[in-house]
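Student: Could you look at this predicted model? Sequence included:
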Amino acid sequence: WVSEIMLQQTQVSRVLSYYEKFLNRFPNVESLAMASWEEFLPYYSGLGYYARGRNMLRAASAVVERFGGEFPRDVDVLRTLPGIGRYTASAIASFAYGAEEIAWDTNVRRVIGRFFFGTRNFQKAQGSELSVEKDILENLSISAKTLNAALMDFGSAICVGKPKCAACPLSSRCAFF
């Protein structure tokens, strides 16, 4: 949860130094829930998007009050927490709990859209992510957690905004290529 929130619209290289200091100061959700904005800010300041930070404090309090300090595992329940939308709920459920959920971030959308549909904006061409997700998950021979990590990495290294198709090991089967 902490890494997902910090990584929203922020590069991994920037988050790494904050993440360790943050977890040293707030090692569990209870310690974060008890923190004031003034106590929290030195460990978050510099990451920008301060509404995310305020939502982290609110979500920590909600997890402690509503769930006894244990993060919910269900995507729909996760989405009831402040600052947690569809992507973040799916990412938490997949990476933390092994749930069979696709975490539709920008990279995953781009890779899936290009590979299967030949377009970055496959939602307009093919319909909702949920119908595509169902098809993918039904035919998956690896965990969604592994798929999410692979697609995110692939989308940030090879299938980037300006794709590196010449270096892509999947280009011979890619609809976009």
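Tutor: Received it, and whenever you're ready, just let me know what you need.
Student: Scan this protein for its longest helix.
Tutor: Longest among the helix segments of the chain by residue count, using DSSP state H, is helix 50-67.
Student: Report all helices and strands that the very next helix or strand once past that one contacts.
Tutor: Under the assignment DSSP states H and E, the closest C-terminal helix or strand after helix 50-67 is helix 75-78. On a contact count with 3 or more Cβ pairs under 8 Å, 6 or more residues apart in numbering; DSSP states H and E, helix 75-78 meets helix 86-97. Just so you know, the C-beta spots here come from the backbone N, C-alpha and C atoms, and that holds for glycine as well.
Student: Okay, now the unreliable bits of the protein?
Tutor: 121-130 (pLDDT under 70).
Student: can you give me the helices for it?
Tutor: Counting by DSSP H, the helices of the chain are 2-7, 12-25, 29-33, 37-40, 50-67, 75-78, 86-97, 106-112, 122-126, 129-138, 144-157.
Student: so which of these gets nearest residue 167?
Tutor: helix 144-157 (9.1 Å; Cβ to Cβ).
Student: re the thing from before, what does the longest helix of the chain contact?
Tutor: Outside helix 50-67, the residues within contact range by Cβ atoms under 8 Å, 6 or more residues apart in numbering are 1-2, 5-6, 8, 29-30, 32-33, 35, 37, 40-41, 44, 47, 69-72, 80-84.
Student: just to revisit the earlier point, looking at the helices of the chain, which is closest to residue 163?
Tutor: Nearest to residue 163 among the helices of the chain is helix 106-112 (8.5 Å), distances taken as Cβ to Cβ.
Student: Tell me the buried residues in the closest one?
Tutor: In terms of neighbour count (16 or more other Cβ atoms under 10 Å), helix 106-112 has its buried residues at 107-112.
Student: Between the residues you listed, which sits nearest residue 139?
Tutor: Closest to residue 139 out of the buried residues of helix 106-112 is residue 112 (13.0 Å), distances taken as Cβ to Cβ.
Student: Could you check how far the closest one is from residue 145?
Tutor: Noted for residue 112: a distance of 16 Å to residue 145, by Cβ to Cβ, to the nearest Å.
Student: got it, and residue 113?
Tutor: On the measure of Cβ to Cβ, residue 113 and residue 145 end up 21 Å apart.
Student: okay, those two: which has more neighbours?
Tutor: residue 113 (23 against 19; other Cβ atoms under 10 Å).
Student: Do I have it right that the more buried one meets residue 104?
Tutor: No: using Cβ atoms under 8 Å, residue 113 is not in contact with residue 104; the gap is 10.5 Å.
Student: related to what we said a few turns ago, could you dump the helices of the chain into TSV and include distance to residue 165?
Tutor: Formatted as TSV, these follow (distance: least, Cβ to Cβ, whole Å):
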stretch	distance to residue 165
helix 2-7	27
helix 12-25	24
helix 29-33	43
helix 37-40	44
helix 50-67	34
helix 75-78	34
helix 86-97	26
helix 106-112	12
helix 122-126	17
helix 129-138	22
helix 144-157	13
